[in-house]
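> Please work out how this folds:
(one chain, ligands or ions: 3)
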Amino acid sequence: MTYLWKKCWEGNLINTILTHKVNCRDCFRCVRSCPVKAIAINKGHARVIEERCILCGRCVRECPQQAKQVDNQLQPMLAAISQGKRVVVSLAPSYIAAFPGHTLSGLAECLLQAGVTAVAETAEAADKISELYGTYLQNIKPGDNTLITSCCPVVVNIIEQYYPLLVTNLAPVISPMLAHAKMIRNQYGPDTFVVFAGPCIAKMAEGCEGSQADAVITFEQLEAWLQGLPAYIHKAVSPATPLLPPGTPGPGRYFPVSGGILRPWVAPADCDDIIAIDGLENCLEVFAALSKSEFTPTFIEAMACTGGCVGGPAMGGGQLLPVKRNKIITYAKMAMDTACPYPAATGTIDLRRQYQSRPVNAVTPAEDEIRDILKQTGKFSAKDEKNCGACGYDSCRAKAVAVFQGLAELEMCVPYMRSKAESFANIIVENSLNAIIAVNEKMIIKEFNPAVKRMFGAGKEIFKGMSLTELFDCSDFIATAQFGHKIVGKRVEYSQYGIITEQMIIPVPEHGLVIAIITDVTAHEQKSRELQQMKLETVSKATEIINKQMQVAQEIAGLLGETTAETKSALLEMIMLIKSKGDM
Ligand code: SF4
Ligand code: SF4
Ligand code: SF4
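Numbering: from 1, shown residues only. Ligands and ions are numbered 1, 2, ... in the order given. As a prediction, this is how the structure comes out:
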């Protein structure tokens, strides 16, 4: 049982795309970019729902945190090499644009040095598939049922999952990858470990079919591995002359570009009823129209990636799409011009394929259920629905449906959460007994709460945009703005307002603000002053008593002698005690 077969057997295609929770910053960009909304947000983290996912790989490319990780099947390949198995690598025809500076022979040499038994171009099999499509195209009659090419696994996924009525329109032909895997086994033996390398993520799941490919790796993964091999670096400086042994692939090398399947068979002028579409949105739009019989061409070449496989999600190789496209076409033309006549299908490989309808079953909520959910995020009528897309859904209703289906959370509504947080903060600020005031670096008041008016508003108007200097001396605020120091617990008396305050002044440089929380401690301060006064009076009284006592003592000194000195000492101790407890 091979690695991929084992995965399929266990129904474990989930791992093709994983989301690393720790990296996920719940920005919802993947939700926004997913054309079929196959990403659920749970407790703020994104997760791919495998039965909805068409493996287009868009979310992997879009995630700004690299939280989406594609399965890497390089390890099973390396294990097969180390176990001494025959390992043959099938290189997708777009390789010429994915490894600029490397010829097929150069790449093959690196792989052979790493222990691979042989390297071949998947285009060998694409030639045979091309011939089959040529037969279909030459036999098309007006009014025939629309035939859709099945080379792109994402196209097959879209139809099987979202337009199951169209499965009968799919050409009953296996993809070049699967055909090539069969050819390789015919040539090298049934126990050969077949590895496919290409720009596609969906092929990882497709490789399972019939246990044909044992491992599927992307060009990006292959490049990352090869970078560590000395032979690869050495080959990078060799001229990029294509290797074209006689009789090698011809039209199959056009497959990675949009229109490439049709190219050898249909002249552009004949294309009215025979069309080539590329890009997910185009595919979805055309299939929707086709399923409603609004559009019924006889033949559709469909590729999910923009520009075809050359725009695949794991293509690598840098460069602009048109540059890559030109490279592939130039290479294919050379092959067409120099290779021997188109090879006849051997008939030894079974190219047939069947499809299964796998409709995505999602429960649609009733109108009152949608309204209930909308209400929970403050949308009581259509005018409250902002349809801003911040949650990743095109409209508030689409997001409410997703909440009902367990794909989205109420808290994903950014405007609602912001207004909730703001109103919560506003309640606290508005009702605080402390004066809260925010000024910019020029001491212009930007925000303040009602307590500011209570403390400093006697006889004057306070408004946003006025200078704080008009209210009081703000040298502490200026120092905080200039030096970024926080001032905590400083007592400041404003005699003009008859108040004593305790202040905390905080710099907020990222917003160019200084915020102060000012507590009115006048009453507390007055109490402690009264207490102090009382203590002073007590001490003064005690001193008076001592003085009087001393006078009496002197008069009767002769009589009392040492007793007088003891009384004095005791009274002085009492004074010291009162002084020490009273902070005098
Ligand atoms: S794009 Fe998706 S996976 Fe990536 S950080 Fe944003 S929510 Fe998380
Ligand atoms: S691979 Fe495509 S379909 Fe699957 S979750 Fe990502 S964006 Fe959606
Ligand atoms: S167009 Fe090619 S690379 Fe893109 S999903 Fe389809 S097969 Fe894969």
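> Next up, the contacts around the residue in the stretch 301-450 of the chain that ligand 2 sits nearest to.
Residue nearest to ligand 2 within the stretch 301-450 of the chain: P313 (8.0 Å; Cβ to the nearest ligand atom). C-betas here are computed from N, CA, C, even on glycine. With contacts defined as Cβ atoms under 8 Å, 6 or more residues apart in numbering, the neighbours of P313 are 56-58, 60-61, 199-201, 305.
> And I517, by the same measure?
Going by Cβ under 8 Å, 6+ apart, I517 touches 434-436, 503-504, 506.
> Just the buried residues of those residues.
Buried members of the contacts of I517, scored by 16 or more other Cβ atoms under 10 Å, are 434-436, 503, 506.
> Would you check which pair of those residues lies furthest apart?
Of all pairs drawn from these, the greatest distance, 13.9 Å, lies between A435 and I506 (Cβ to Cβ).
> joint contacts of the two?
With contacts defined as Cβ under 8 Å, 6+ apart, the residues shared by A435 and I506 are 516-517.
> now, among the buried ones among the contacts of I517, which is nearest to G484?
Set against G484, the nearest of those by Cβ to Cβ is I506 (9.9 Å).
> Pull up the per-residue confidence for the closest one.
Looking at I506, its pLDDT reads 94.
> try Y342
At Y342, pLDDT is 34.
> And K527, by the same measure?
Predicted confidence (pLDDT) for K527: 90.
> Count the residues that sit near it.
Using other Cβ atoms under 10 Å, K527 has 11 other residues around it.
> what secondary structure does the nearest residue to G406 once chain neighbours are set aside sit in?
Leaving aside its chain neighbours, G406 sits nearest to A40 (6.7 Å; criterion: Cβ to Cβ, 6 or more residues apart in numbering). Assigned state for A40: strand (three-state reduction, DSSP: H, G, I helix; E, B strand; the rest coil).
> hang on, A40 packs against L407?
Yes. Using Cβ atoms under 8 Å, A40 is in contact with L407, at 4.5 Å.
> of all of the stretch 401-550 of the chain, which residue lies closest to ligand 3?
Residue nearest to ligand 3 within the stretch 401-550 of the chain: L407 (23.1 Å; Cβ to the nearest ligand atom).
> Helix, strand or coil: sort out that residue for me.
In three-state terms, and counting by three-state DSSP, L407 is coil.
> Give me the pLDDT for it.
We have a pLDDT of 93 for L407.
> Same check on A345?
In this model, A345 carries a pLDDT of 34.
> same question, S150
We have a pLDDT of 94 for S150.
> picking that back up, isn't the residue of the stretch 401-550 of the chain closest to ligand 3 right next to I41, touching?
Yes. Using Cβ under 8 Å, L407 is in contact with I41, at 7.2 Å.
> Centroid-nearest residue for the chain?
C63 (3.4 Å; Cα atoms, centre = their mean).
> Run a quick neighbour tally on the nearest residue to that one once chain neighbours are set aside.
Setting aside the residues directly before and after it, C63 is nearest to C30 in space (Cβ to Cβ, 6+ apart), at 5.5 Å. For C30, the count of nearby residues is 27 (other Cβ under 10 Å).
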